[in-house]
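Q: kindly return the folded structure for what I paste below:
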Amino acid sequence: MLKLLAVILFPVMTMFASDLPSKKYLNLANIKMMVAAAEEKAKELNVSVTICVVDESGNLLFLEKGETASLNTIQFAQKKARHAAFYGNPSKNGADTVKSGSVEAMSFPEFFPNQGGLPIKVDGQILGGISASGAKSEIDEQIAQAGIDALLKK
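A: Predicted coordinates:
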C-alpha cells in the first residue's frame with residue numbers, strides 16, 4: 001500500500017517542482033561586467049566616483065570607492081542603489097518627489113532623494129540597483145546607466 005502511494009505521488013511532486021518559476025539574478029560575472037563599464041564611463045568623463053551594486057532586496061553585492069572620491073560617497077552610493085532596487089525606479093524620482101512637495105516620502109524605507117541610482121531590470125524583473133556617487137548627479141546617473149547598458153547588450 002505504501003509503495004502504491006509513493007508511485008502515485010511521485011509524478012505529482014515532480015510535476016510541481018518543474019512548474020516553479022525560474023528567477024534571474026546578478027551573478028559575479030554580470031556584476032564585474034557592469035562595474036567595468038561604469039568604471040570606463042567614469043574614466044571617460046574624468047571623474048572619481050564610488051560605484052555600488054545591490055540585489056533586489058538592497059543587499060550589498062559590490063562597492064568600490066574611487067581613489068579621490070570623498071568618504072560620504074560610500075553611504076550615498078549605497079542609498080541611491082537601494083532606493084532604485086526597492087522602488088524599481090531611478091533615485092532621481094525620489095528627488096523629484098521631494099521637490100514637488102511630498103516631503104513625507106522621506107520617511108519611506110530606503111527612500112533617497114538624489115539622482116544617480118538606477119534599477120537593474122531584465123525582462124521586467126528587478127534584479128537590483130546600481131549607482132554612482134561623487135560627481136554631479138546627472139553624471140553619476142550616466143555612469144550607472146553605462147553599467148546597465150553593458151548588462152543588457154550581453
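
Q: show me the contacts for the nearest residue to residue 57 once chain neighbours are set aside.
A: Of all residues beyond its chain neighbours, the one nearest residue 57 is residue 85 (7.3 Å), with distances taken as C-beta to C-beta, 6 or more residues apart in numbering. Just so you know, the C-beta spots here come from the backbone N, C-alpha and C atoms, and that holds for glycine as well. Residue 85 sits next to 54-58, 110, 119-120, 126, 128-129 when contact means C-beta atoms under 8 Å, 6 or more residues apart in numbering.

Q: a strand runs through residue 53, doesn't it?
A: Yes - assignment of residue 53 by DSSP: H, G, I helix; E, B strand; the rest coil places it within a strand.

Q: so which residues of this protein form helices?
A: Remark: helices of the chain, listed N- to C-terminal, are 2-19, 28-44, 72-87, 91-99, 137-153; assignment by DSSP state H.

Q: who touches stretch 107-117?
A: With C-beta under 8 Å, 6+ apart as the contact definition, stretch 107-117 has outside contacts at 58, 76-77, 79-87, 90-92, 94-95, 97-98, 105-106, 129-133, 137-138, 140-141, 143-144.

Q: only the buried subset of those, as a ChimeraX command please.
A: Here is the ChimeraX command that picks out the buried ones among the contacts of stretch 107-117, judged by 16 or more other C-beta atoms under 10 Å:
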select :58,76,77,79,80,81,82,83,84,85,86,87,90,91,92,94,95,97,98,129,130,131,132,133,137,140,141,143,144
